[in-house]
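**Student:** This is the structure alone, sequence omitted:
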């Protein structure tokens with residue numbers, strides 16, 4: 001029953017996002033608005049009815065079910081993502097400081113390879129061009 005509830009909740013969300021009302025669904029299914037409200041409250045949809053409602057939104061049932069799947073969880077950031085995150089953090093720290101100078105000197109110091117090495121806040125192993 002938990003999945004049924006999730007499907008009906010997602011169906012309601014999708015109807016709202018498409019700007020459709022229970023009356024719109026009732027018209028499409030040739031039912032009264034009260035009957036449609038009862039379908040939703042009792043969570044009793046035939047596949048035919050579910051398909052008709054999805055078609056009203058320009059969707060397939062499979063599209064609706066896919067929207068229920070949790071987004072894949074990222075276990076590890078790529079080096080590029082880590083670099084962007086560290087740079088954003090360093091810049092945010094720089095611009096939040098009330099005593100930050102107007103000429104904004106470069107963040108970090110140059111290493112022997114000519115790249116600027118980040119310092120502070122756990123950024124010591126990251127390099128900037």
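**Tutor:** Sure, I can see it. Everything numeric in this text was worked out from a predicted model, so none of it was measured.
**Student:** What is the neighbour count of residue 38?
**Tutor:** For residue 38, the neighbour count with other CB atoms under 10 Å is 12. Yep, even glycine has a C-beta here, placed from its N, CA and C like the rest.
**Student:** so which helix or strand takes in it?
**Tutor:** helix 33-42 (DSSP states H and E).
**Student:** helices or strands up against the helix or strand just after that helix?
**Tutor:** Later in the chain than helix 33-42, the nearest helix or strand by DSSP H and E is helix 47-56. Judged by 3 or more CB pairs under 8 Å, 6 or more residues apart in numbering; DSSP states H and E, helix 47-56 is in contact with helix 2-17, helix 22-29, helix 61-66.
**Student:** doesn't residue 59 make contact with residue 15?
**Tutor:** No. The pair residue 15 / residue 59 is not scored as a contact, 10.4 Å apart, by CB atoms under 8 Å.
**Student:** Quick check: residue 64 vs residue 46, distance?
**Tutor:** Distance, residue 64 to residue 46, by CB to CB, to the nearest Å: 15 Å.
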